[in-house]
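K.L.:
Dropping a prediction and its sequence here:
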Amino acid sequence: MRISVQAEDFDIAAEIKNLRANRTDIGAIATFTGLVRDIHGGKTIKKMTLEHFPAMAEKELAKIGDQAKKRWPLEGLTIIHRYGALYPGDNIVLVITTSHHREAAFDAAEFIMDWLKTDAPFWKKEQTAEGNHWVSAKAEDDAKKDRWN
Amino acid sequence: MNIFYFALIREHIGTSSEEIDLPTGIDTVSGLISHLETKGDNYKAAFEHSDLIRVAVNNEYVGLDHKISNADEIAIFPPMTGG
């Protein structure tokens, strides 16, 4: 399992290449990439700043990854989350799961994203023409996480 | 004890961390927050909505009724919005 919390961008192709290197037993690779959108709630986003809790961020991502590995037969797993100043079109988060079959890869990636939304210590602040504001946590994100219980 | 603040709570309080002596008789996270609220309007604003407060003690998420001591490291922050 590769976990990284970093300011710099990630290379999706290189990350996939690492997971499948010298492996011919992997039948499925699922990837999810979260990006900064330039529109949210009808407002134009100029910039997004991601604050994080360094002492906990990698540990919490690893915990979520461990949960996914317990639930699904994964052959490989990569979770990368960025922090700092990001702009529309920039990558925020990458989840890659590999497995023998697609169901485990798809489901585990979705499970990881649902848990990451509410349990990874990151906070988004959006900058618009009208000013800056912290993004509010959504009740629907809690509901999405809870459906895996 | 060392206390760390993040995001909107950090901005309201005006600092990202501080060291305080946990007053005698306070032994829960909620007790600590009530104590901090007596320090000024910036703290009151930070902790105005108790359902929007999340806490970690020694880098583990805990509830507001969690027991604490002066040796603990506390982090207080709003609900997370990563991903």
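P.N.:
Cool, got the structure. Given the structure is predicted, the values throughout are model-derived calculations rather than measurements.

K.L.:
Could you grab the helix/strand/coil label for B:Ala45?
P.N.:
Secondary structure, DSSP: H, G, I helix; E, B strand; the rest coil: B:Ala45 is helix.

K.L.:
now B:Arg10: how far from A:Ile45?
P.N.:
21 Å (Cβ to Cβ, to the nearest Å). C-beta: built from backbone N, CA, C; applies to glycine.

K.L.:
what does A:Asp141 give?
P.N.:
19 Å.

K.L.:
Let me see the ranges of the helices in chain B.
P.N.:
Using DSSP state H, the helices of chain B run over residues B:7-13, B:29-37, B:41-46.

K.L.:
can you check chain A too?
P.N.:
Using DSSP H, helices in chain A cover A:12-20, A:54-71, A:102-119, A:139-146.

K.L.:
Spatially nearest residue to A:Phe53 (excluding sequence neighbours)?
P.N.:
A:Pro121 (3.8 Å; Cβ to Cβ, 6 or more residues apart in numbering or on different chains).

K.L.:
could you list every residue that touches that neighbour?
P.N.:
A:His52, A:Phe53, A:Met56, A:Ala57, A:Glu60, B:Phe6, B:Ala56, B:Phe77, B:Met80, B:Gly82 (Cβ atoms under 8 Å, 6 or more residues apart in numbering or on different chains).

K.L.:
So which residues on chain B come close to chain A?
P.N.:
Within chain B, the positions adjacent to chain A are B:4, B:6-8, B:10, B:52, B:56, B:59, B:61, B:75, B:77-83 by Cβ under 8 Å from any Cβ of the partner chain.

K.L.:
For chain A, what lies in contact range of chain B?
P.N.:
A:34, A:50-53, A:55-56, A:59, A:81, A:92-93, A:113, A:116-125, A:134-137.

K.L.:
Find the residue at the geometric middle of chain A.
P.N.:
Nearest to the geometric centre of chain A sits A:Val93, at 3.8 Å (Cα atoms, centre = their mean).

K.L.:
So what sits opposite that residue in the bridge?
P.N.:
Note on A:Val93: beta-bridge partners A:Gly34, A:His81, judged by DSSP bridges.

K.L.:
Could you tell me the single residue of chain B that sits nearest to chain A?
P.N.:
Nearest residue of chain B to chain A, counting by Cβ to the nearest Cβ: B:Gly82, 3.1 Å away.

K.L.:
Not counting sequence-adjacent ones, nearest residue to that residue?
P.N.:
A:Phe122 (3.1 Å).

K.L.:
pretty sure that neighbour is touching A:Glu51, no?
P.N.:
Yes - A:Phe122 is in contact with A:Glu51 according to Cβ atoms under 8 Å; the separation is 7.0 Å.

K.L.:
out of those two, which sits in the busier spot?
P.N.:
Comparing A:Phe122 with A:Glu51 by other Cβ atoms under 10 Å in any protein chain shown, the one with more neighbours is A:Phe122, at 25 against 21.
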